[in-house]
Structures are given as C-alpha cells and as structure tokens.
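*Asks:* give me the fold of what follows.
(2 chains)
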Amino acid sequence: MKSAPYLLSLPALLLFGAIVIIPLVMTVLLSFHDWGQYKGIEPVFVLKNWHEVFTDSYFLEMFWRTFRIAFFVTLLAAVLGAPEAYILNRMKSPWRGLFLLVILGPLLISVVARTLGWALLFGGNSGLINKALVSMGLISAPLPFMFTETGVIVALTHVLMPYMVLAVWAALQRLDPQIENAAVALGAGPFTVLRRIVLPQVMPGILSGAIIVFALAASAFATPAIIGGRRLKVASTLAYDEFLNTLNWPLGAAVAVLLLVALVAIVVGASRLVERRYAQVFG
Amino acid sequence: MAFLSLEGLSKHFGTHVAVDGLTLAVEKGEFVSLLGPSGCGKTTTLQMIAGFVEPSGGAIRLEGRDLLAVKPAKRGLGIVFQSYALFPHMTVAENVAFGLEMQGVAAAERTRRVGETLELVGLGTFAGRYPRQMSGGQQQRVALARALVIRPQILLLDEPLSNLDAKLREEMQIELRQIQRTVGTTTILVTHDQAEAMALSDRLVVMNHGRAEQIGPPHEAYERPATPFVASFLGRTNLVNGTTVRPEKIWFATSGLAGKVRTRIFQGNHWLYQIETADGLVTVIRQNTGEAMPGEGEAVHLAWAAT
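*Replies:* This next block holds a predicted model:
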C-alpha cells in the first residue's frame, strides 16, 4: 500500500496543522485587518499596518535593536561557549560530568527565574553586586543594568549559552582524539594546534550553535520583558504590548509576522551558507 | 653507539605496570617492530618515544642525546597514527605541507618537497583532494607522506595497516617496506599482527606484560622462540610429547604418531588439518601441491623432524 506512510503520519500532520499552521495563517490574515480605537478590529483587507511597520522609524528602531541584541548575544555565546566546551571536553572523567551538569543545569530552571536572578544581582541600588561594589568604593554609582541593552545581552547570553556549548561539544566529540597529537608531532605549538587544527574543525558546530542562539535571542520574550521592560522594547515585547495593552491586534500581528519572516530568512540563509561552505570537507 | 636506545624504560598507570624496564637499541636505518597482544605495552612505548606519555622511569636517547628533555613538538619524529589523524579541513597537499610550514620551510621549497613525497607514495595526482574523498588505503599513504616529508630521524608507525582490508594490507606491507628502504628512515612499527611484523621488520621485539620476551630477527624468533609465549604468539604451534612443533613441519607418514582427521579446511595454497591423537588435538598445515590429501575421518600417521 503506497498510501500507508501518509495515513500513518496523518494524525501528527493534523495536529501540526491545527496548532501551528492554522494560527499562523490566521495571524497573517489578521495583520491585514483594520483597527481603530473605538471600532476595534474590522475584518477588511488593508495594507495600513504593514505600511506603518515599514515606514515608522519607531518600528525600524525596534527591529534594529532586536537583531543587534541577537547579534551580540550570539557573538558573546560563541566567544565564551566555544572555549568552555573545549575545556569541558579536555576534563577528566568525574569533573567532566559535574561541570557539564553545571553548564546545562540552567536549562532545568525557568528562564524567568534565571533572569530575575540577574535583576536581583544588578537591579538598581538594591542589587547585591551593585551594593557590594558601591560599598567597597570600587564604583560611585550602581552599574546600569536594568532597562539597558547591555543588561539584556548579558542575561540572554547566560540563558542561551548551553545551546552553544552543546553544539560545540557535539563537534568536538567528532574530532579524532589523535589529531592534536598529530599536529604536535609535526611541530605545532599549543596555540597553533587550536587555531589551525581544532577551530576549523569545530567551526560548523560553532556556526550551527550560532544559528540556534541567534534565532532564540531574536525571538526571546521573557528575558527582554524582565530586564528591558517597557522602556527597552524589542520586537517580541512590542508585539506583546500591541496585543495586550494597546489592543491593536492587527498591528501586533504585522510585527510578529515580520519578525518570523525575517528570522526564517536569516536562519535558512545562514544554514545554506554553512552547508555549502562545509559540504565538501565534512560531508 | 646505537642510534636510538631505550634504557630501562618503564611506565606505571597507578598500580598497573604498562611498560616494565624495556631496554632496546635500534641501529640507524633499521626497521624494528614492537609486537604483542593488546595491553602488552607496545603502544605506550611508542607514545613515550613520541612524547605523548611521560615515562615513570628509564631513559630514551637519540644519537646519545636525552630525548625526554625535548618537547614533543621539537622531537622531529614522523608518526603515522592508527586512525591516520589527517586534518579533514585541509587538502592532501596542505596536510603534507603542514609539518614543513611549522619548520618554517619557504613556500617554493615546500611545494617541491610535498610534490616529491606525494610521488613517492603514489599520490601525485591527489594533491587537491580532501581526505574524506579518498579511500582508506589512500588516506594511509597521505598519513605516511605527511610523516616522511619532514625527513624525520625516526618514523613511528602505530598499527598503520589495521584499518585496511586483508588484500590491501598485503599490498601496503610491500609498499611500506619499499618506501622505507628507499628513504632509509629508521622505523619503529607497533602492531599486534605477527604476519605484518615478520613481513616488514629487520628485528622483532615480542612484548608481553610490559616486557620484551624476545628481541631478534623474525626468522630467528620464529624458529628459535625464547619463551613459550613467543612460540605461541608467532604463528601456530603444537605441543606434542613435551616438544613444540610448528604445524607446517609435520607431515603425513606411513608410521609415527597415530591419529584421525577431525577437520580439513582448504585454504587455497595450503590445507589446514586438525588431527585427533592420543596426545590431544594436533594442527597440521600441508602445502597444496595438487596431490590427493587425507579426507575427514581417515586414519593417518604424523611425523616430524627432531629439533
């Protein structure tokens, strides 16, 4: 029976359609509806929301900020996460498991709890670290953290770091255990081994980790909502506010759809590039 | 004075003794094999020479100099790893050139020597390929070229042929021997394959439990094994009437030890027999000369020359 595979995957397809495709299509349609302060949502076809999103510099700033934050989070996660994975990979047996748990542990804790932790440490005058630094006389005023881009970037990097570590870790596992010795025997110093032998081979891992981290950072909601709040909005918190505060659902829908399309384009484009670059070498 | 000498070399891992006071003198240009079962300390010995494992005791000298005082990256040894450990992100030419680059050899000279060495291993036309686009045997040659191009004082081979299939392994054995003769590099091979060790080396070091049981030319070790371990590890042996006899040195005769053929296996160039005798099971190997041979269940008599 040729139809058997289709029939067998039908339940999953139906579920997928019901909970992903249909709401998505409805959101896209919603973004073309009209909205007014007193008339509410009108199911007509207008380009008003899209026009506003593309022409109002306010939205441009939001999206620019969203991707700027995602970019720096990705950069930080790569710069910190790749060496972290490498060190972890070189650890001996009991320590390796322990520290892997330390790094992946945060995944078991709610994003909200983890982000609030940062707020407790750095939030205004009462934040623990700020208080300590001020009382030690190292700084005169509390470090600005809450409602700053830096704060959002630091907290998001912490939240998303495990994904980068895992991706690089997986690439390191595929490394021939003798390959570093091979380079050393040919006269390479430790730094040369890292730069010429290890790094190029884990690059696909770093790039795939970067794609995951970038996508998650650009679409993150909880962390920017808590650290950035209403003062420092990103695309996701902007869409949320349009839906729940302004009640301008169509405009919120346009923002959400634009974020989705931009992200899909970036992620698909990036993975294509990565695949093409490394297909010949690593297959 | 020997070219390379290991003097009472030992390695302990906790309470486990991997190498136990190994002493060995290797002459310049010699091909020496460290042969033994897994866990006999042969690989650990190789890694101590390479500098990847630090000895617990003893000394390694190269032309009289203390090699242990030299960092692994400065020892200038050529190593072929069991997994080849080629750099997958570099082309064949880049792989081979890496060692020269580390030595600071000028680009033009580098290109010339890489080309020369690739010719030597028969890969002249493969310079632009990536390792994963090549077969196991070809990757093996790249690994060999990468080790030889730096003109190492010693070539270390760690089970280099164990990942190849039987036929290719035989071809590579012959080729490896020829290449070694051509370049004349002092070579130390680590292997558990006694046929490979005997085919390639000038001398064998048969190792067991971290010690050298016998050091000598393959033919001598095979014909006059110093210990029962060497006798049983190098080829097959029978223990009949308290003496060890090689299976190929027993023939079917009209009188002698009586027995019955239990199994007979045809292996192309020879027949492999298991004969039931009063002394237990005896293995006999007879060359296939095209003549009729005793079949299974037949009564036979076995004879051999006294040693």
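
*Asks:* just the buried residues of the one helix or strand residue A:263 maps to, please?
*Replies:* In this assignment (DSSP states H and E), residue A:263 forms part of helix A:249-282. For helix A:249-282, burial by neighbour count (16 or more other CB atoms under 10 Å in any protein chain shown) applies to A:249-260, A:263, A:266, A:270, A:274, A:278, A:281-282. Every residue, glycine included, has its C-beta placed from N, CA and C.

*Asks:* and that helix, how far from the chain's centre?
*Replies:* Distance, stretch centre to chain centre, for helix A:249-282: 13 Å (CA atoms, centre = their mean, to the nearest Å).

*Asks:* now that helix: mean pLDDT?
*Replies:* For helix A:249-282, the mean per-residue pLDDT is 88.

*Asks:* and what of stretch A:62-75?
*Replies:* Mean pLDDT, stretch A:62-75: 95.

*Asks:* buried sites along it?
*Replies:* A:62, A:63, A:65, A:66, A:67, A:69, A:70, A:72, A:73, A:74.

*Asks:* list the contacts of the third one.
*Replies:* By CB atoms under 8 Å, 6 or more residues apart in numbering or on different chains, residue A:65 lies in contact with A:149, A:232, A:233, A:234.

*Asks:* redo that, cut-off 7 Å
*Replies:* A:149, A:234 (CB atoms under 7 Å, 6 or more residues apart in numbering or on different chains).

*Asks:* in a helix, it, correct?
*Replies:* Yes - when DSSP: H, G, I helix; E, B strand; the rest coil is applied, residue A:65 is found to be in a helix.

*Asks:* any idea which of the buried residues of stretch A:62-75 is closest to chain B?
*Replies:* Chain B lies nearest to residue A:74 out of the buried residues of stretch A:62-75, by CB to the nearest CB, at 22.4 Å.

*Asks:* the closest one against residue A:212, yeah?
*Replies:* No - assessed by CB atoms under 7 Å, residue A:74 is found out of contact with residue A:212, at 9.2 Å.

*Asks:* residue numbers of the stretch 1-150 of chain B in contact with chain A?
*Replies:* With the criterion set to CB under 7 Å from any CB of the partner chain, the stretch 1-150 of chain B comes near chain A through B:50, B:52, B:72-73, B:77, B:79, B:81, B:83, B:85, B:87-89, B:98-99, B:102-103, B:130, B:132, B:150.

*Asks:* narrow those to those in helices?
*Replies:* Secondary structure defined by DSSP state H assigns B:50, B:98, B:99, B:102 of the residues of the stretch 1-150 of chain B next to chain A to helices.

*Asks:* can you list contacts of stretch A:114-133?
*Replies:* Applying CB under 7 Å, 6+ apart, the contact partners of stretch A:114-133 are A:106, A:139, A:142-143, A:145-146, A:151, A:154-155, A:158-159, A:222-223, A:226-227.

*Asks:* tell me the contacts of the residue nearest the centre of chain B?
*Replies:* Taking CA atoms, centre = their mean as the criterion, residue B:197 is the residue nearest the geometric centre of chain B, at 3.4 Å. With contact set as CB under 7 Å, 6+ apart, residue B:197 has these partners: B:33, B:35, B:189, B:191, B:204.

*Asks:* from the residues of the stretch 1-150 of chain B next to chain A, which ones fall inside strands?
*Replies:* residue B:79 (DSSP state E).

*Asks:* going through the residues of the stretch 1-150 of chain B next to chain A, which ones are buried?
*Replies:* B:50, B:52, B:72-73, B:77, B:79, B:81, B:83, B:85, B:87-89, B:98-99, B:102, B:130, B:150.

*Asks:* and stretch B:4-14, average pLDDT?
*Replies:* 94.

*Asks:* could you list the low-pLDDT ranges of the stretch 1-150 of chain A?
*Replies:* A:1, A:124-125 (pLDDT under 70).

*Asks:* just give me the neighbour total for the one residue in it that gets nearest to chain B.
*Replies:* Nearest residue of the stretch 1-150 of chain A to chain B (CB to the nearest CB) works out as residue A:92 at 13.1 Å. Residues within reach of residue A:92, counting by other CB atoms under 10 Å in any protein chain shown, total 6.

*Asks:* hmm, back to that, mind checking pLDDT for the residue nearest to the centre of chain B?
*Replies:* In the prediction, the pLDDT value recorded for residue B:197 is 92.

*Asks:* helix, strand, or coil at it?
*Replies:* The three-state assignment at residue B:197 reads helix, by three-state DSSP.

*Asks:* then the one 10 residues further on?
*Replies:* Following three-state DSSP, the label given to residue B:207 is strand.

*Asks:* for chain A, see how far away it is.
*Replies:* Look at residue B:207 and chain A: by CB to the nearest CB, to the nearest Å, they are 21 Å apart.

*Asks:* tell me the contacts of that residue?
*Replies:* B:34, B:35, B:36, B:40, B:41, B:42, B:213.

*Asks:* roughly how far apart are the second one and residue B:191?
*Replies:* Taking CB to CB, to the nearest Å as the measure, residue B:35 and residue B:191 are separated by 6 Å.

*Asks:* likewise for the fifth one?
*Replies:* With distances taken as CB to CB, residue B:41 is found 13 Å from residue B:191.

*Asks:* residue B:94 now?
*Replies:* Separation of residue B:94 from residue B:191 (CB to CB): 29 Å.

*Asks:* please name the residues that touch residue B:227.
*Replies:* By CB under 7 Å, 6+ apart, residue B:227 lies in contact with B:213, B:214.

*Asks:* switch the cut-off to 10 Å
*Replies:* Taking CB atoms under 10 Å, 6 or more residues apart in numbering or on different chains, we find residue B:227 in contact with B:206, B:208, B:213, B:214, B:233.

*Asks:* again with residue A:100
*Replies:* Applying CB under 10 Å, 6+ apart, we find residue A:100 in contact with A:85, A:88, A:89, A:91, A:162, A:165, A:166, A:169.

*Asks:* kindly recompute the last result at 8 Å.
*Replies:* Applying CB under 8 Å, 6+ apart, the residues contacting residue A:100 are A:88, A:169.

*Asks:* helix or strand next in line after the helix or strand containing it, which one?
*Replies:* Assessed by DSSP H and E, residue A:100 sits inside helix A:93-104. Later in the chain than helix A:93-104, the nearest helix or strand by DSSP H and E is helix A:111-122.

*Asks:* just checking, next helix/strand downstream of that following helix?
*Replies:* Next along from helix A:111-122, by DSSP H and E: helix A:128-135.

*Asks:* what are the buried residues along that next one?
*Replies:* Result for helix A:128-135 [16+ other CB under 10 Å]: buried residues A:130, A:133, A:134.

*Asks:* sounds good, over and out.
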